[in-house]
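Undergrad: any chance you could fold what I've pasted below:
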Amino acid sequence: VVESASKAQEDNAARILSRAFEICREKSINPNTRILEGDPKDKICKAVEEMKIDLLLVGSRGLGQIKRFFFFLINNLLLLFYLFINLFIFFGWALLGSVSDYCVHHATCPVLVVKPP
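TA: Below you'll find the predicted structure:
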């Protein structure tokens with residue numbers, strides 16, 4: 001079961017990468033593509049360094065930050081009001097997923113985070 005799930009993930013990644021490659025070529029962009037196994041945030045930052053990337057573009061769904069928020073909420077209910085006031089009103093809290101957040105702080109180049117449409 002594990003091997004078939006892994007094969008399905010590899011096939012899906014190859015299909016997505018192939019379609020992304022086609023879109024880039026249609027726009028006269030010559031992409032350099034790779035499929036890497038492992039923790040995405042570590043692999044992305046390592047590839048950025050190895051490939052000497054000038055700008056990293058990542059998407060963010062904000063799910064990592066939401067998970068962290070609810071973990072915090074469950075463990076610190078008394079601080080909810082303070083957290084809401086400070087983060088959402090005063091600081092305009094930006095929701096970044098865990099991968100995009102990691103890349104922003106650890107990539108060796110500038111990182112542009114794009115929110116979903």
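
Undergrad: immediately after the host helix or strand of Asn12, which helix or strand?
TA: Using DSSP states H and E, Asn12 sits within helix 2-26. As assigned by DSSP H and E, the chain's next helix or strand after helix 2-26 is helix 40-50.

Undergrad: helices or strands up against that following helix?
TA: Where contact means 3 or more C-beta pairs under 8 Å, 6 or more residues apart in numbering; DSSP states H and E, helix 40-50 is packed against strand 56-59, helix 98-106. Heads up, the C-betas are built off the backbone N, CA and C, glycines and all.

Undergrad: let's see it at 6 Å
TA: For helix 40-50, the packing partners by 3 or more C-beta pairs under 6 Å, 6 or more residues apart in numbering; DSSP states H and E come out as helix 98-106.

Undergrad: ok, back up a step: and the contacts of the helix holding Asn12?
TA: Residues outside helix 2-26 that contact it (C-beta atoms under 6 Å, 6 or more residues apart in numbering): 31, 33, 35.

Undergrad: now restrict the residues you listed to buried residues only.
TA: Neighbour counting over the contacts of helix 2-26 (16 or more other C-beta atoms under 10 Å) leaves no buried ones.

Undergrad: leaving out chain neighbours, which residue sits closest to Leu112?
TA: Distances taken as C-beta to C-beta, 6 or more residues apart in numbering put Leu57 closest to Leu112, at 4.9 Å, once the chain neighbours are dropped.

Undergrad: for that neighbour, grab the count of nearby residues.
TA: A count of neighbours around Leu57, defined by other C-beta atoms under 10 Å, yields 11.

Undergrad: and Ser100, how far from Lys27?
TA: For Ser100, the distance to Lys27 equals 23 Å [C-beta to C-beta, to the nearest Å].

Undergrad: more neighbours: which of those two?
TA: Between Ser100 and Lys27, counted using other C-beta under 10 Å, Ser100 has the larger neighbour count: 26 against 8.

Undergrad: enumerate every residue touching that one.
TA: Counted by C-beta under 6 Å, 6+ apart, Ser100 has contacts 58, 60, 113.
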